[in-house]
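*Asks:* I need the structure of the sequence given here:
(chains A and B)
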Amino acid sequence: DGGITQSPKYLFRKEGQNVTLSCEQNLNHDAMYWYRQDPGQGLRLIYYSQIVNDFQKGDIAEGYSVSREKKESFPLTVTSAQKNPTAFYLCASSIEGWGNQPQHFGDGTRLSIL
Amino acid sequence: GQQVMQIPQYQHVQEGEDFTTYCNSSTTLSNIQWYKQRPGGHPVFLIQLVKSGEVKKQKRLTFQFGEAKKNSSLHITATQTTDVGTYFCAVKGGTSYGKLTFGQGTILTVHP
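*Replies:* Residues are numbered from 1 along each chain as shown, chains lettered A, B, ... in the order given. Sure, this is the predicted structure:
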């Protein structure tokens, strides 16, 4: 069954700690995306990758880092530099990365500060 | 970057009433996509509009792209409780280089 898997579903971060959110897709999509969603708000783009071994900053990249070493994987690290990390994080993928195709989303990870 | 305004932010309706949400841009758009997010869920793609003046229908949902390709609307006829959720537009502008910009969404509540 094809889809996008995000893990963990819930994550807690201590002060000064880096945490990594996992995103895996078996849809053979070239492009992958990370969004942040705050309560009652839309989706804000953190990073996106149009192809393996390449990625671009989105609108709110500060305090986050990513890698795209494999086509199916696009992990997001929330660093200690991100002072307000509490949010719902959504990973998505699309067949191509030019905004002409639908994005398919994972179930998300809810990150909270301890 | 690309700006998009979606209105209203909230809409409460009685079951059976109609509902419309609007998405507006100050610049010409290449295309627009609509997504639905159920409470506690993730966004799910509904439709994409590409052509000026395009109208598409999915059962009780009607999607429209403006003639100038700067605005769009989603209309639901005779809402049902299963329609509850947040409806987002996502736009691609001329210089977005592949990024989609999401609107803030319209949260729809349907009272039985």
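*Asks:* Poorly predicted segments of the chain, please.
*Replies:* Since you didn't name a chain, this refers to chain A. Across chain A, the ranges flagged by pLDDT under 70 are A:1-2.
*Asks:* you looked at the wrong chain, it should be chain B
*Replies:* Filtered on pLDDT under 70, chain B yields the residue ranges B:94-98.
*Asks:* residues in it within reach of chain A, list them.
*Replies:* Applying CB under 8 Å from any CB of the partner chain, we find that chain B lies next to chain A at B:1, B:6, B:9, B:30-31, B:33, B:41-45, B:48, B:88, B:90, B:92, B:96-105, B:107. Quick note: C-beta positions are derived from backbone N, CA and C, even for glycine.
*Asks:* make it 10 Å
*Replies:* B:1-2, B:4, B:6, B:9-10, B:30-31, B:33, B:35, B:37, B:40-48, B:50, B:86, B:88-93, B:96-105, B:107 (CB under 10 Å from any CB of the partner chain).
*Asks:* who touches the spatially closest residue to A:K83 that is not a sequence neighbour in this structure?
*Replies:* Spatially, and ignoring its direct neighbours in sequence, A:K83 is nearest to A:G63 (7.1 Å; CB to CB, 6 or more residues apart in numbering or on different chains). If a contact means CB atoms under 10 Å, 6 or more residues apart in numbering or on different chains, then A:G63 has A:I46, A:T77, A:V78, A:T79, A:S80, A:A81, A:Q82, A:K83, A:N84, A:P85 as its contacts.
*Asks:* Counting neighbours, what do you get for the third one?
*Replies:* The number of residues packed around A:V78, counting by other CB atoms under 10 Å in any protein chain shown, is 23.
*Asks:* try the fourth one
*Replies:* The criterion is other CB under 10 Å. On that basis, A:T79 has 15 neighbouring residues.
*Asks:* and the helix or strand hosting A:E24, what does it pack onto?
*Replies:* In the assignment (DSSP states H and E), A:E24 maps to strand A:19-25. Packing contacts for strand A:19-25, counted by 3 or more CB pairs under 10 Å, 6 or more residues apart in numbering or on different chains; DSSP states H and E, involve strand A:4-7, strand A:10-13, strand A:31-37, strand A:64-66, strand A:76-78, strand A:87-94, strand A:109-113.
*Asks:* among the ones you listed, which is nearest chain B?
*Replies:* strand A:87-94 (6.0 Å; CB to the nearest CB).
*Asks:* Okay, angle between the closest one and strand A:109-113 too, please.
*Replies:* Interaxial angle of strand A:87-94 relative to strand A:109-113 (axes from the mean of the first three to the mean of the last three CA atoms, to 10 degrees): 150 degrees.
*Asks:* and strand A:87-94, which strands flank it?
*Replies:* strand A:31-37 (antiparallel), strand A:104-105 (antiparallel), strand A:109-113 (antiparallel) (DSSP bridges).
*Asks:* Now do the buried residues in stretch A:51-64.
*Replies:* Neighbour counts over stretch A:51-64 (16 or more other CB atoms under 10 Å in any protein chain shown) mark A:F55, A:G58, A:A61, A:Y64 as buried.
*Asks:* and these near chain B, which?
*Replies:* Among the buried residues of stretch A:51-64, chain B is touched by A:G58 when using CB under 10 Å from any CB.
*Asks:* Now, the buried residues of stretch A:51-64 that are in strands?
*Replies:* If you go by DSSP state E, the buried residues of stretch A:51-64 have A:F55, A:Y64 in strands.
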